[in-house]
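Novice: I need the structure of the sequence given here:
(3 chains)
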Amino acid sequence: MPELPEVETVRRGLAELIMGRRVEQAWCGRSDLRYPFPAGFVSALEGSVISRIDRRGKYLLFALGDGRLLAWHLGMTGQFHVLPAQSPAAKHEHVRLLLDDGGSLRYRDARRFGYAGLMDEDHWQSHPWFAHMGPEPLSEDFNAAVLAGLCRGRKSPIKGVIMDAHVVAGIGNIYACEALYGAGIHPGRAAGRISLLRLQGLIDSIRTVLLAAIEAGGSSISDFVRADGRPGMFAHQFSVYGRAGKPCPACGGEIRRIVQAGRSSFFCPGCQH
DNA sequence: CTGAAGACCTGCCTGC
DNA sequence: TGCAGGCAGGTCTTCA
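Specialist: Below you'll find the model as predicted:
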């Protein structure tokens, strides 16, 4: 479900709806998501105040107002919803937090690939989930010189490189395909054989597509929804993702689908080299 | 070291 | 209508 624009959309929605709320009561239906919740997870949340909500890569970071930080990854199908406290539990609802304004925060995750962890607010960046994470793609730290250094000598396909969170955070299958299309680079091209100029073009394309997707509230393909239940609209703007056999918006040629490292890649053979 | 493949889990769509 | 097979936005581990 969620890549950077979707997680950012969820973050903004939650910030609007639950920032400053105190957790009166926490409930956890099952703890065996991708990893078990940490011991004392539920009691650690009760009484805390959600003082800030940040994002790093595809992780949501909830500051709990007492020096602790709750880091949460949505996996493929994780969703947060803000609903009245008395609303019945939906299928696959695993966590429910009752808030001091009569609302509640629900976490739902059909495939249970999501996970959460508690850490110290001052040291979260050294936690194993974050210690080796690459720069944010929308920050100045992600630039052509850095990317070229990481690509040098590598024969692996460029698509896998930009999806590697150790290289740059937050880019998944959809936006990797869309960004490579925007830059005119074939997803199978060896990373080490792309000029600095074209890498700069790729960085520009990544930023353009991520910003446009955030602007549109993310992409709803099957089950992504915002915290308030509305769908994201960016899927309507896909140039190549999920469009195998359909015409390229630029040249009219047929979009192709290939499989790389077990993931679908979509591209235009006429426009991407 | 690199990179591909398998694993985790459920739901939905397609085709027979 | 039923059922098998393939597919799905992520990431970690294993193996060559």
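Novice: mind showing which ranges of chain A have poor pLDDT?
Specialist: A:1, A:222-223 (pLDDT under 70).
Novice: try it again at 50.
Specialist: For chain A, no stretch is flagged by pLDDT under 50.
Novice: just the helices in the stretch 51-200 of chain A please.
Specialist: A:144-151, A:158-163, A:173-183, A:196-215 (DSSP state H, counting those that start in this stretch).
Novice: restricting to C-alpha, output the longest one in PDB.
Specialist: As requested, C-alpha coordinates have been extracted for helix A:196-215 and formatted as PDB (Å, rounded to 0.1, in the frame of the first residue of the first chain):
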ATOM      1  CA  LEU A 196      25.800  12.100 -13.900                       C
ATOM      2  CA  LEU A 197      23.600  14.400 -16.000                       C
ATOM      3  CA  ARG A 198      21.000  11.600 -16.300                       C
ATOM      4  CA  LEU A 199      21.200  10.800 -12.600                       C
ATOM      5  CA  GLN A 200      20.500  14.400 -11.900                       C
ATOM      6  CA  GLY A 201      17.500  14.100 -14.200                       C
ATOM      7  CA  LEU A 202      16.400  11.000 -12.300                       C
ATOM      8  CA  ILE A 203      16.600  12.900  -9.000                       C
ATOM      9  CA  ASP A 204      14.500  15.700 -10.400                       C
ATOM     10  CA  SER A 205      12.000  13.200 -11.700                       C
ATOM     11  CA  ILE A 206      11.800  11.400  -8.300                       C
ATOM     12  CA  ARG A 207      11.100  14.800  -6.600                       C
ATOM     13  CA  THR A 208       8.500  15.800  -9.200                       C
ATOM     14  CA  VAL A 209       6.600  12.600  -9.000                       C
ATOM     15  CA  LEU A 210       6.600  12.400  -5.200                       C
ATOM     16  CA  LEU A 211       5.500  16.000  -4.800                       C
ATOM     17  CA  ALA A 212       2.700  15.500  -7.300                       C
ATOM     18  CA  ALA A 213       1.600  12.400  -5.500                       C
ATOM     19  CA  ILE A 214       1.600  14.100  -2.100                       C
ATOM     20  CA  GLU A 215      -0.400  16.900  -3.600                       C
END
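Novice: helices or strands next to it in the packing?
Specialist: helix A:4-18, helix A:144-151, helix A:158-163, helix A:173-183 (3 or more C-beta pairs under 8 Å, 6 or more residues apart in numbering; DSSP states H and E). Backbone N, C-alpha and C define where each C-beta goes, glycine included.
Novice: tabulate those helices (TSV), appending mean neighbour count and distance to DNA strand B.
Specialist: Shown next, in TSV, are these (neighbours: other C-beta atoms under 10 Å; distance: least, C-beta to the nearest atom of the strand, whole Å):
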stretch	mean neighbour count	distance to DNA strand B
helix A:4-18	22	18
helix A:144-151	16	9
helix A:158-163	23	5
helix A:173-183	24	12
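Novice: closest one to DNA strand C among the ones you listed?
Specialist: Nearest of the helices and strands packed on helix A:196-215 to DNA strand C, taken as C-beta to the nearest atom of the strand: helix A:173-183 at 3.8 Å.
Novice: close to DNA strand C, is the closest one?
Specialist: Yes: contact of helix A:173-183 with DNA strand C (C-beta under 7 Å from any atom of the strand) involves A:173-174.
Novice: what angle sits between that helix and helix A:196-215?
Specialist: Angle of helix A:173-183 versus helix A:196-215, following axes from the mean of the first three to the mean of the last three C-alpha atoms, to 10 degrees, is 130 degrees.
Novice: can you check the distance spanned by stretch A:210-221, start to finish?
Specialist: 16 Å (C-alpha to C-alpha, to the nearest Å).
Novice: what about it and DNA strand C, touching?
Specialist: Yes: for stretch A:210-221, a contact with DNA strand C is found by C-beta under 7 Å from any atom of the strand, at A:218-221.
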